[in-house]
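Enquirer: sequence unavailable; structure follows:
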């Protein structure tokens with residue numbers, strides 16, 4: 001990533017957790033060299049502190065628009081979760097690794113539209129290769145975009161070797177950079193992974209003195225879907241901080257909200273739509289959710305506020321939202337140290353933890369349990385289930401002030417995410433649901449030929 005804020009108090013760590021009860025090793029690579037090895041098991045997640053910030057984040061223009069040995073590759077002996085949690089003074093974010101579901105050859109870049117001139121705001125996109133001699137071509141952005149290296153382009157083409165990254169950005173001192181790169185098409189000859197967003201961003205209005213990091217790892221176009229449920233973050237309606245951001249991958253993509261049979265937008269490939277915050281429906285107990293349906297597969301990201309206090313417009317976060325599918329997992333086991341993310345801000349000298357809300361989406365009629373450090377968390381009507389207007393097959397739950405090592409277990413398909421924030425920092429993230437292709441673990445009967 002490229003950090004345009006140049007703020008102090010920098011923290012960055014990778015959190016690793018697993019449902020496996022037998023301990024196993026995970027090797028952490030940078031530039032194809034093992035820089036760390038950790039051992040994890042259920043109930044024993046590990047925080048790996050990144051002491052050399054340059055391995056993941058730079059502030060130098062000289063690292064831009066060329067192959068650089070940045071980024072991490074994690075290889076475990078058994079399945080595990082990994083998330084990058086990071087902050088600078090007054091700004092924080094979380095990027096959940098999408099695992100193998102994040103690897104592909106075609107993507108679209110997504111970031112929040114910028115609504116104010118400010119030189120610490122940018123759009124940002126990076127591409128990391130998983131194999132040598134990978135050629136990447138990026139097209140479909142506005143030719144008036146002013147890239148930070150001063151070179152005008154109508155497309156980009158570059159070649160990466162395994163473990164190398166290429167970082168692209170444009171600063172918000174040109175209005176053409178506010179939205180001009182959203183929906184850019186990324187095509188690679190071999191599998192790659194991407195990160196996209198804003199470091200920093202402000203999307204709520206002409207607010208020059210408030211911003212936050214808005215970043216997530218994207219998924220390739222073959223992992224997209226058409227039905228999405230979002231749960232509001234911690235912001236107030238009317239602040240313009242709580243939105244759905246839809247980016248089309250195909251022409252004539254209609255966007256529908258909740259139970260409205262009339263599309264709110266019709267998009268061509270690469271175009272985007274942001275919902276009003278009034279699209280969130282209060283389902284009771286102050287629990288707001290939104291249903292988004294697209295007529296063709298599309299990207300949906302959530303823009304949210306991590307906190308509702310006086311600094312709300314400074315606590316933005318961005319989540320990739322996984323599409324609904326009956327192939328989602330039935331348990332998410334486990335999210336390690338769910339409320340940890342080191343940060344400092346104007347009103348907080350230092351904190352390891354952030355007030356965190358757990359958001360759950362599962363099929364209607366499901367029996368769910370939430371465990372914290374191995375013990376069941378009591379749930380009542382204020383937690384859910386809450387209906388989803390426009391889709392009677394799914395319901396949502398939310399649990400505020402969650403902490404510790406958390407497992408979500410459902411009798412039906414389930415996915416879960418978080419929204420978190422305090423003072424001037426805010427963020428969100430999802431922990432499952434990125435790959436809805438079922439794994440074949442047993443061959444029996446004649447359900448499908450050969451399966």
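Expert: Okay, I see it. Remember, predicted model here, so these are calculated numbers, not experimental data. Numbering: from 1, shown residues only.

Enquirer: now do the phi/psi pair for residue 314.
Expert: Backbone torsions of residue 314, given as degrees, to the nearest 10, read phi -100, psi 10.

Enquirer: got it, and residue 61?
Expert: According to degrees, to the nearest 10, residue 61 has phi -60, psi -30.

Enquirer: so it versus residue 200, what's the distance?
Expert: According to C-beta to C-beta, to the nearest Å, residue 61 and residue 200 sit 17 Å apart. In short, each C-beta sits where N, CA and C put it, glycine included.

Enquirer: all strands of the stretch 51-200 of the chain, in order?
Expert: For the stretch 51-200 of the chain, strands defined by DSSP state E, counting those that start in this stretch occupy the ranges 73-76, 81-88, 91-96, 104-108, 118-129, 134-139, 156-160, 165-172, 185-201.

Enquirer: would a markdown table of those with distance to residue 256 and mean pLDDT be doable?
Expert: Output for the strands of the stretch 51-200 of the chain, formatted as a markdown table (distance: least, C-beta to C-beta, whole Å; pLDDT from 0 to 100):
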| stretch | distance to residue 256 | mean pLDDT |
| --- | --- | --- |
| strand 73-76 | 38 | 97 |
| strand 81-88 | 31 | 97 |
| strand 91-96 | 27 | 96 |
| strand 104-108 | 20 | 98 |
| strand 118-129 | 27 | 97 |
| strand 134-139 | 28 | 98 |
| strand 156-160 | 34 | 98 |
| strand 165-172 | 31 | 98 |
| strand 185-201 | 24 | 98 |
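
Enquirer: which of those strands sits most buried?
Expert: strand 91-96 (a mean of 27; mean count of other C-beta atoms under 10 Å).

Enquirer: roughly how far out does that strand sit from the chain middle?
Expert: 8 Å (C-alpha atoms, centre = their mean, to the nearest Å).

Enquirer: run me through the strand neighbours of it, direction for each.
Expert: The pairing partners recorded for strand 91-96 under DSSP bridges are strand 81-88 (antiparallel).

Enquirer: which of the helices or strands spans residue 255?
Expert: Per DSSP states H and E: residue 255 is located in strand 253-257.

Enquirer: quick check: mean pLDDT of that strand?
Expert: The average pLDDT for strand 253-257 rounds to 98.

Enquirer: what comes up buried for the following helix or strand past it?
Expert: Note on strand 253-257: by DSSP H and E, the next helix or strand toward the C-terminus is strand 265-267. Residues of strand 265-267 classed as buried by neighbour count (16 or more other C-beta atoms under 10 Å): 265, 267.

Enquirer: and stretch 52-72, by the same measure?
Expert: Buried residues in stretch 52-72, counting neighbours by 16+ other C-beta under 10 Å, are found at 55-59, 63-65, 67-68, 70-72.

Enquirer: state the pair within those residues that is farthest apart.
Expert: Maximum pairwise distance among the buried residues of stretch 52-72 (C-beta to C-beta): 21.1 Å, between 65 and 72.

Enquirer: can you get me the start-to-end distance on stretch 302-313?
Expert: 15 Å (C-alpha to C-alpha, to the nearest Å).

Enquirer: over to stretch 169-181?
Expert: 9 Å.

Enquirer: who touches it?
Expert: 2, 4, 64, 109, 111, 113-119, 121-125, 141-142, 144-148, 168, 199, 272 (C-beta atoms under 8 Å, 6 or more residues apart in numbering).
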